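>>> Here's a sequence, model it:
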Amino acid sequence: MILLNLKRAIIFALLCAVILITAQAALGQGSSEPARPTVQKDDDANLDIQLYLILASNREVEDGKLPLALDPVVKRLRDSLPFKHYSLTGTFLNRVKNNGRLEVSWVGGPFPIQGSPAQSNPSFSQFTSIVRLAGESGQEIVRLTEFRFGTRVPIITGQFAPTNASTNAAGFPSISYEPVGLRTDLTMREGSIVIAGTLNVGPSGDAIVVVVSARRAN
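Numbers count the residues shown, from 1 in each chain. From the prediction side, this is the model:
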C-alpha cells in the first residue's frame, strides 16, 4: 500500500514538472515573436480642406455676401485690419487622406483692380499642404505642414504705343505677372476656421485674406 502511494506521488510530481516546463517554453516562444504593428484607426480617415479667399478693400464698393461660417472671421478682420469692405472672391473644397499631400492649381481672375486694364487678365494660383490628423477622439487637431498659397497677379508695368503711327488708336498696356504668396505651418482644431495670412496686392492697396478650415469627411 505504501509502495502504491509512493508511485502515485512520483507520477503526480512528474506530471506537474512536465506541465511547468511546457508552459515556460510556450511563454518564451510567445515573447520572442516580433510585436505586430498596431493599426491606427485614423490611417484611412479622409479630411475635407476648404480654402476661402477674401478680398479686403478700402475702395468704395459694397460688401459682398459672405457665408455665415465666415462671420467670426470677418468680425476679427474688422477688429484687426484697417479695411472697410470684405468680399468673398473664391472658395475651394478638396478631400485628402490623413497623412496625405494636397496640391491644387487653378486659373482664374479673382482679384480685379478697379479701373485697371489688367483686371480682365487671368491670375494663376496654387495651394499645397501636407495634412495630418492628431489628438484623441473628441479633441482632434489637424496639422497643415508646409502650407503654401501663392498667386501670380497681372500688374501694369508700362504702356506700348500703337504700331501704326498714322492712326489715333490709344496705346495698350504692358502687363507683367508678379508672384505673391505665403508659406507657413498651421495647427488647428478639427472643424474650426482660421486665418492663414494676408497678402497685399495691387496699387489700390487691396489685400487677399487666406482662410482655411479642416474637418473630418463624412
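>>> Make sure Ser87 is actually in contact with Tyr52.
No. Shown here, Ser87 and Tyr52 do not form a contact pair, counting by CB atoms under 8 Å, at 11.2 Å. Just so you know, the C-beta spots here come from the backbone N, C-alpha and C atoms, and that holds for glycine as well.
>>> The two: who's more crowded?
Counted by other CB atoms under 10 Å, Ser87 and Tyr52 do not tie: Tyr52 has more neighbours, with 22 against 15.
>>> surely the more buried one meets Leu77?
No. Using CB under 8 Å, Tyr52 is not in contact with Leu77; the gap is 11.6 Å.
>>> now the strands for this structure?
Using DSSP state E, the strands of the chain run over residues 46-57, 85-97, 100-108, 123-134, 141-160, 172-189, 193-200, 207-216.
>>> In TSV, list these along with distance to Leu68.
Output for the strands of the chain, formatted as TSV (distance: least, CB to CB, whole Å):
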stretch	distance to Leu68
strand 46-57	13
strand 85-97	12
strand 100-108	24
strand 123-134	23
strand 141-160	22
strand 172-189	19
strand 193-200	11
strand 207-216	13
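>>> To Leu66, which of those lies closest?
strand 85-97 (5.3 Å; CB to CB).
>>> Next, the angle strand 141-160 makes with the closest one.
130 degrees (axes from the mean of the first three to the mean of the last three CA atoms, to 10 degrees).
>>> Enumerate the positions of strand 85-97 that are buried.
86, 88-90, 96 (16 or more other CB atoms under 10 Å).
>>> cool, stretch 206-218 as well?
In stretch 206-218, counting by 16+ other CB under 10 Å, buried: 206-215.
>>> same question, stretch 131-142
131-133, 140, 142.
>>> quick one: contacts of it?
Stretch 131-142 is contacted from outside by 42, 45, 47, 49, 96, 98-102, 143-145, 187-190, 214, 216, using CB atoms under 8 Å, 6 or more residues apart in numbering.
>>> Now do the contacts for the spatially closest residue to Gly150 that is not a sequence neighbour.
Nearest non-adjacent residue to Gly150, counting by CB to CB, 6 or more residues apart in numbering: Gly181, 3.0 Å away. Shown in contact with Gly181 (CB under 8 Å, 6+ apart): 148-151, 199.
>>> hmm, 10 Å instead?
125-127, 148-152, 197, 199, 208, 210 (CB atoms under 10 Å, 6 or more residues apart in numbering).
>>> Rebuild these as a markdown table, extending it with pLDDT and distance to Ser57.
Shown next, in a markdown table, are the contacts of Gly181 (pLDDT from 0 to 100; distance: CB to CB, whole Å):
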| residue | pLDDT | distance to Ser57 |
| --- | --- | --- |
| Ser125 | 89 | 19 |
| Gln126 | 93 | 23 |
| Phe127 | 94 | 22 |
| Arg148 | 96 | 24 |
| Phe149 | 95 | 19 |
| Gly150 | 92 | 21 |
| Thr151 | 86 | 16 |
| Arg152 | 83 | 20 |
| Gly197 | 95 | 17 |
| Leu199 | 90 | 13 |
| Ile208 | 90 | 10 |
| Val210 | 95 | 16 |
